[in-house]
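> Turn this into a model:
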Amino acid sequence: ERRAPAPVAGPALLWDGSTLSPGGRVSTDGAAFFCVDEGATSVIATQGWSSGTHTWTITLEHKGTGPNSGRDIYLGICTREAFDPRRYLNTIGYCLDRNGKIDSRTTRAPANRLLSYHQGDQITFTLNCDAGTLAVDVAGRQQAVIFPELPRGQTFYPAATCYMVADRLGIAAAGS
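Residues are numbered from 1 along each chain as shown. Purely as a prediction, here's the structure:
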């Protein structure tokens, strides 16, 4: 009996600790990004794509505490050229904030909202570089194409911004 070869796993999708501002940290295994000081800090993943379809999941593992807890968490994509760890992702990339607001550096869409996400939720993104779309699934409760006309010919990286001490975001590849 002939068996099909086992699938070969691609490289792990990790947060790139070399891209952080001083207020952020990446776990030693690269799978989690967290804030150690209050204030915006952003990070991009170690891998980006310019063609094909790619899926990954970001988990809001822990939401910081205090009067501003969970404030200003942005999840989405960014090009390496536009990335700046001291700036909010909505000013340099394409993202969904914790309250479900769709936002980007080129488009302000305050009327377009999805469900908000909370501690423990998994937010799954699907980037179709060839079609120029970014879709999101918020904790299995709502799916939508949040950016239907991304610029073509650019390499996009998964990216995130957190603000509060103890905000913690995990990342994992869900398929390519």
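> Quick check: which helices or strands does the lengthiest strand in the chain pack against?
With DSSP state E applied, the strand covering the greatest number of residues in the chain is identified as strand 53-62. Using 3 or more CB pairs under 8 Å, 6 or more residues apart in numbering; DSSP states H and E as the contact criterion, the neighbours of strand 53-62 among helices and strands are strand 122-128, strand 156-162, strand 168-175. Yep, even glycine has a C-beta here, placed from its N, CA and C like the rest.
> let's see it at 7 Å
Where contact means 3 or more CB pairs under 7 Å, 6 or more residues apart in numbering; DSSP states H and E, strand 53-62 is packed against strand 122-128, strand 168-175.
> Just say which of those strands is most tucked in.
Stretch with highest mean neighbour count among the helices and strands packed on strand 53-62: strand 122-128 (a mean of 20; mean count of other CB atoms under 10 Å).
> With just CA atoms, put the helix or strand just after that one into CSV.
Next helix or strand after strand 122-128 toward the C-terminus (DSSP states H and E): strand 133-138. Output of strand 133-138 as CSV, limited to C-alpha atoms (Å, rounded to 0.1, in the frame of the first residue of the first chain):
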residue,chain,number,x,y,z
THR,A,133,-8.0,41.4,-0.1
LEU,A,134,-7.7,41.0,3.6
ALA,A,135,-10.5,39.1,5.4
VAL,A,136,-11.0,38.6,9.1
ASP,A,137,-12.9,36.2,11.3
VAL,A,138,-13.5,37.5,14.8
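> report the angle between the axes of strand 133-138 and strand 168-175?
Counting by axes from the mean of the first three to the mean of the last three CA atoms, to 10 degrees, strand 133-138 points 120 degrees away from the direction of strand 168-175.
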